[in-house]
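Peer 1: Model the structure of this input:
(2 chains)
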Amino acid sequence: MKKNSNDSDSLLVEKAKEGNEGAFNFLMNKYYPRVYASLFSFTKSKEDSEDLAQQTFVKVWQQIQSFRGDSAFFTWVYRIAINLAKNYVASSGYKKQRVNSSIDQLEIDISSNENIESMLIHSQSLDDIKDFINTMPEALKTAFTLRESEGKSYEEISIITETPIGTVRSRIFRARESIVDFMKKELISNE
Amino acid sequence: MNDIKEKISALYDGELDHNEIDDLLKIIDKDPNLQEQLSLYGLAGLAVHQDENNIVSIDSGNRENKSILSNLWFSNGLTAAASILLTLFIINNVDISRMNISEDSTNKIASAINSKEAKDIAERSEEYLIDHILNVINDPNYMNTQEAIDLRNVGFRHNVAGGYKYSNGNENFQLRVEKKNLGLKKIRYWKHGKKMIYVVPLSDGRVVTLYGNISASSARNIAESLTK
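Peer 2: Residues are numbered from 1 along each chain as shown, chains lettered A, B, ... in the order given. As a prediction, this is how the structure comes out:
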């Protein structure tokens, strides 16, 4: 079955709608960096970005039944973050609102994202990662960028690169692993 | 372990076999290291999108990128304030200090964001446009859902091999037509990495969006051709 980026989350979203916390946690971990980075660019505050990101995903969990799939899931998540950012703007004396009372339905653990936050604060880190990607073997870089930048499905990448789908899957994984290794060795260790 | 991680990578892309998902989710739930691995995959993707995510709102009356913020965003009152809000809300990881913007301009932005008029605007308008622009930049398929349009009269061919893209050899773009008006009375456009997003209201009430490596004059010609 042909997949595209618009429906790549659909199965996980459906599972999350059915109350599958594992599926929701997967989506949250997947999109946390993008949400956090967006909020940080706006607030310039680690603490406020943490709070807003956490509030974003609490709302996503609470409102996921209303997501109809008219747009990409991340677009919908982003809208929720935007609305929270509006409230941030509207409250002149923004007071931290810990969401303890709201998370009794779901235990959200963002502790695993501490390193991500540290890295995102330094925009140079993203430049370093991008530079590293440019040094990767062409086959890995091509598969990875076709997927991440162009939103191509594995099947489409398979056709474009004239390689089996299994090889495409492996190359994208190896590319991600290389980038993660680079981040862990070169960036996190330098914090 | 690599087998598990490869499956996480595949699920990240929505490409894992359905019957493998539940077991994998249970494994990830029990392992904080795998959860961090997943977020690092997300961060790796963010790095790829970094340039594209630096979105700059450009007023249609001036194209001097150098002084976009100081000269344009504050040039026309309410619209300028709304542009600031929209732009800041949809920027990913933008670093204002890297955009050659003075501290004074940055302070003006902060002031405009917190102004009453800006808040009012944010509350009552731009909502649909924000959705639209978010879809353009976040959903690669959003611009590819419509039938191809014959643009040969303005020098562009539909490039089937590259999906629903149009090209004249030098300029390449995607196009989408909305039947409903988005409340626009003039052309709005944004710089999105190396690409441009033009949202052009047509005389017949429709709105056309062009996204790609294309000049404003070409975008205008194409838009005009759609109503002839």
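Peer 1: Next up, phi/psi of whatever residue of chain B ends up closest to chain A, please.
Peer 2: Nearest residue of chain B to chain A: B:Gly14, at 2.6 Å (Cβ to the nearest Cβ). Using the backbone N, CA and C atoms, a C-beta is placed for each residue, glycine as well. Dihedral pair for B:Gly14: phi 70, psi 30, per degrees, to the nearest 10.
Peer 1: show me the contacts for the closest residue to it other than its chain neighbours.
Peer 2: Spatial nearest neighbour of B:Gly14, excluding adjacent residues (Cβ to Cβ, 6 or more residues apart in numbering or on different chains): A:Ser8 at 2.6 Å. Listed by Cβ atoms under 8 Å, 6 or more residues apart in numbering or on different chains, the contact partners of A:Ser8 are B:Asp13, B:Gly14, B:Glu15.
Peer 1: Alpha carbons of the longest helix along chain A, as PDB, please.
Peer 2: Using DSSP state H to define each element, chain A has its longest helix at helix A:21-43. What follows is helix A:21-43, C-alpha atoms only, in PDB (Å, rounded to 0.1, in the frame of the first residue of the first chain):
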ATOM      1  CA  GLU A  21      -0.900   5.400  25.400                       C
ATOM      2  CA  GLY A  22       2.100   3.700  23.700                       C
ATOM      3  CA  ALA A  23       0.900   5.000  20.400                       C
ATOM      4  CA  PHE A  24       0.400   8.500  21.800                       C
ATOM      5  CA  ASN A  25       3.800   8.400  23.500                       C
ATOM      6  CA  PHE A  26       5.400   7.500  20.100                       C
ATOM      7  CA  LEU A  27       3.800  10.500  18.400                       C
ATOM      8  CA  MET A  28       4.800  12.800  21.300                       C
ATOM      9  CA  ASN A  29       8.400  11.700  21.200                       C
ATOM     10  CA  LYS A  30       8.400  12.000  17.400                       C
ATOM     11  CA  TYR A  31       7.100  15.500  17.400                       C
ATOM     12  CA  TYR A  32       8.500  16.900  20.700                       C
ATOM     13  CA  PRO A  33      11.700  18.400  19.100                       C
ATOM     14  CA  ARG A  34       9.700  20.300  16.500                       C
ATOM     15  CA  VAL A  35       7.100  21.600  19.000                       C
ATOM     16  CA  TYR A  36       9.800  22.500  21.500                       C
ATOM     17  CA  ALA A  37      12.000  24.200  18.900                       C
ATOM     18  CA  SER A  38       9.000  26.300  17.700                       C
ATOM     19  CA  LEU A  39       8.000  27.300  21.200                       C
ATOM     20  CA  PHE A  40      11.600  28.100  22.200                       C
ATOM     21  CA  SER A  41      12.000  30.300  19.200                       C
ATOM     22  CA  PHE A  42       9.000  32.200  20.400                       C
ATOM     23  CA  THR A  43       9.500  32.300  24.200                       C
END
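Peer 1: What is the subsequent helix or strand relative to that helix?
Peer 2: On the C-terminal side of helix A:21-43, the closest following helix or strand by DSSP states H and E is helix A:46-63.
Peer 1: helices or strands up against that following helix?
Peer 2: Under the contact criterion of 3 or more Cβ pairs under 8 Å, 6 or more residues apart in numbering or on different chains; DSSP states H and E, helix A:46-63 touches helix A:21-43, helix A:73-90, helix A:114-121.
Peer 1: wait, which of those helices is closest to A:Phe67?
Peer 2: helix A:73-90 (5.3 Å; Cβ to Cβ).
Peer 1: Pull up the gap between the closest residue to A:Ile172 other than its chain neighbours and B:Pro32, please.
Peer 2: Nearest residue to A:Ile172 in three dimensions, chain neighbours excluded: A:Ala143, at 5.0 Å (Cβ to Cβ, 6+ apart). From A:Ala143 across to B:Pro32, the span is 28 Å (Cβ to Cβ, to the nearest Å).
Peer 1: The two: who's more crowded?
Peer 2: Using other Cβ atoms under 10 Å in any protein chain shown as the criterion, A:Ala143 and B:Pro32 rank with A:Ala143 on top: 27 against 12.
Peer 1: Mind giving me the packing neighbours of the helix or strand where the more buried one lies?
Peer 2: Using DSSP H and E, A:Ala143 sits in helix A:138-148. Packing partners of helix A:138-148 (3+ Cβ pairs under 8 Å, 6+ apart): helix A:123-135, helix A:154-161, helix A:165-182, helix B:32-53.
Peer 1: in chain B, which spans are helices?
Peer 2: Under DSSP H, chain B gives helices at B:2-12, B:18-29, B:32-53, B:77-90, B:103-113, B:116-124, B:127-138, B:216-225.
Peer 1: Helix or strand with the lowest mean pLDDT in the chain?
Peer 2: You didn't say which chain, so I picked chain A. helix A:114-121 (a mean of 50; mean pLDDT, DSSP states H and E).
Peer 1: not what I meant, chain B
Peer 2: helix B:77-90 (a mean of 35).
Peer 1: neighbours of residue 152, just the number please.
Peer 2: I went with chain A, as the question did not name one. Look at A:Lys152: counted by other Cβ under 10 Å, it has 24 neighbours.
Peer 1: To clarify, I was referring to chain B.
Peer 2: Using other Cβ under 10 Å, B:Arg152 has 12 other residues around it.
Peer 1: Poorly predicted segments of the chain, please.
Peer 2: No chain specified, so I'll use chain A. Within chain A, the segments meeting pLDDT under 70 span A:1-7, A:41-42, A:44, A:86, A:89-125, A:187-191.
Peer 1: please go with chain B instead
Peer 2: Along chain B, segments meeting pLDDT under 70 span B:49-128, B:130, B:138, B:140, B:160-164, B:181-183, B:185, B:191-194.
Peer 1: what do you get if the cut-off is 50, keeping everything else the same?
Peer 2: Along chain B, segments meeting pLDDT under 50 span B:51-115, B:117-119, B:121-125.
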